[in-house]
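Peer 1: Below are the sequence and a predicted model; questions follow.
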Amino acid sequence: MATKKEIGNQLTRRSFLKASGAVLASAVLFNSLAACAPKTSTVTSTTTTTAPTTLTSTSTATSTATSTQTTTATVTSTGPIQTLKIGMITSLTGSLATAFKSMADAAQPTEDIINQAGGVTINGQQYYVRLVVEDDQSAPTSAVAAATMLIQDGVKFIIAPLLPTNTLAILPALTQAKIITMLPCESDVLLFGPDNPYNFCAWWIKGTDGIYNYLKANYPNVKTISYISLDDPGNAVTYNNSVADAQNRGYTILDKERFPGDTTDFSAIVTKMLSQNPDAIDMVSGNATVSTDIINVARDLGFSGPIFADDIISDPRLVVSLIKPADAYGIFEGCPDVLSDQMSAPIKQLRVLVEKTGKAFIFDCVLTLSAATLIVSGIQKAQSLDTDKVKAAFESMTSVPTVFGTGTWAGNNGGVNHLVLLNSVPVSTITNGQVSFQYVPAQ
């Protein structure tokens, strides 16, 4: 397992700068769970799985991903099974590859899950999904080159990069080509509106509703909150939403501390914050190293109240590994524990398939499955590969199926609702040094 020293001050994906056109620097936090997995294979820029060409018009697919569950789908096709390409752009090389490569690790298992369930059938014609993974080399210019390659290859559906600057760089070309773009997760509604009518998001990370519901239910005596949060554009949307939501719910905000990204010693800022005697501390979002430093300092200074984040800090099992055992209580974040027994059957199946490849199964692996299966749902509903018809099919959904449960389209940016707001928000909690997980109603 990676030690805290090895992790250092590297950044997680949720703390990257979101300034338009900015080129992001420095390394990223590598989830220590990934360090436990043997490095037995490499990832190329394009997956090579193709749809079977020898199957008859009636095909049966059987999944043996788990020893206790077998999924079988029988689909009757009017002709030979064809291939449906779904593109995915992520960082396989460059400074950000360590963090984002996990999405590519889940590409082949995601294909297997979708195709074992029958793939996609449009007006009687069956398709097997092929995920075509292109490397953005951790840079916006390379992301544009990757998007161009996918467009030239005839790909009409693309899973967008997790890195916001790379997504911003490719959206103009994808919009012009009427490509359905699916962001795995995002908090900024400004990316989804009239200017980007084909851009969708599989999970709107607007965790404040669920997080504050959890806070109220489990800590009814909390009346005052202090904020301590990274001061950068990428964190601004979640920060502003959190403060407004807390105030609307009647909480008193005592202090709002913002710190620069190069901060390494939090003693002074946490001391100042605790001088206001808050009942709870909201860190909004961040990365595992910074957040656990704040937690450890606050506990050392005698703060025993809840400390939480509305957004994703990191995999909760990494978070707990970086907290002093005596301080590992009253901590929660808006992130699922993907190793929990409460995960859906597709996520459990994905875990088995990813781990069979020798790779670590972490949260970002699930984002590949989440985005791909939502694209498939839209195509299936539209009964067409025409992206205007798929766009209309998405917009007509009153209930949106996801691997994390059902949701609804939301966002309302210029009348456009293209972000999935989950009906129940995943919340991971650390109590007595152990991670627990539950879904909390969003409203």
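Peer 2: Happy to help now that I have it. Numbers count the residues shown, from 1 in each chain.
Peer 1: Residue 256 - how many residues pack around it?
Peer 2: Residue 256: 14 surrounding residues under other C-beta atoms under 10 Å. The way it works is simple: take the backbone N, C-alpha and C, and place the C-beta from them, glycine included.
Peer 1: got it, and residue 246?
Peer 2: Residue 246 has 22 nearby residues by other C-beta under 10 Å.
Peer 1: so it is in which element?
Peer 2: helix 233-248 (DSSP states H and E).
Peer 1: Packing partners of that helix?
Peer 2: helix 208-218, strand 224-230, strand 252-259 (3 or more C-beta pairs under 8 Å, 6 or more residues apart in numbering; DSSP states H and E).
Peer 1: mean confidence score for it?
Peer 2: The average pLDDT for helix 233-248 rounds to 83.
Peer 1: Then stretch 203-219?
Peer 2: Mean predicted lDDT for stretch 203-219 stands at 86.
Peer 1: Let me know the angle separating the helix holding residue 246 from strand 252-259.
Peer 2: Here helix 233-248 points in a direction 170 degrees away from that of strand 252-259 (axes from the mean of the first three to the mean of the last three C-alpha atoms, to 10 degrees).
Peer 1: who's in contact with residue 418?
Peer 2: 192, 199, 200, 201, 394, 395, 409, 411 (C-beta atoms under 8 Å, 6 or more residues apart in numbering).
Peer 1: Now residue 354: which helix or strand?
Peer 2: For residue 354, the host element (DSSP H and E) is helix 345-356.
Peer 1: can I get the CA coordinates of that helix in CSV?
Peer 2: Provided in CSV are the C-alpha atoms of helix 345-356 (Å, rounded to 0.1, in the frame of the first residue of the first chain):
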residue,chain,number,x,y,z
ALA,A,345,-25.3,-6.1,-9.4
PRO,A,346,-23.5,-4.5,-12.5
ILE,A,347,-21.0,-2.8,-10.2
LYS,A,348,-20.3,-6.1,-8.4
GLN,A,349,-19.9,-7.8,-11.7
LEU,A,350,-17.5,-5.1,-12.9
ARG,A,351,-15.5,-5.6,-9.8
VAL,A,352,-15.0,-9.3,-10.5
LEU,A,353,-14.0,-8.7,-14.1
VAL,A,354,-11.6,-5.8,-13.3
GLU,A,355,-9.9,-7.7,-10.5
LYS,A,356,-9.5,-10.7,-12.9
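Peer 1: buried set for that helix?
Peer 2: By neighbour count on 16 or more other C-beta atoms under 10 Å, the buried set for helix 345-356 is 346, 347, 348, 349, 350, 351, 352, 353, 354.
Peer 1: all strands of the stretch 251-400 of the chain, in order?
Peer 2: For the stretch 251-400 of the chain, applying DSSP state E, counting those that start in this stretch gives strands covering 252-259, 280-282, 307-309, 331-333, 400-402.
Peer 1: Need the contact partners of the fourth one.
Peer 2: Just to be clear, that refers to strand 331-333. Residues outside strand 331-333 that contact it (C-beta under 8 Å, 6+ apart): 211, 214, 295, 306-313, 316, 319-320, 323, 427-430.
Peer 1: before we move on, back to that, can I get the strands of the stretch 251-400 of the chain in CSV with distance to residue 142 and mean pLDDT?
Peer 2: Shown next, in CSV, are those (distance: least, C-beta to C-beta, whole Å; pLDDT from 0 to 100):
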stretch, distance to residue 142, mean pLDDT
strand 252-259, 31, 95
strand 280-282, 36, 97
strand 307-309, 31, 96
strand 331-333, 31, 95
strand 400-402, 29, 95
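Peer 1: Export those strands as CSV, with columns for distance to residue 128.
Peer 2: As requested, the strands of the stretch 251-400 of the chain are exported to CSV (distance: least, C-beta to C-beta, whole Å):
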stretch, distance to residue 128
strand 252-259, 49
strand 280-282, 45
strand 307-309, 39
strand 331-333, 37
strand 400-402, 20
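Peer 1: Thank you, goodbye.
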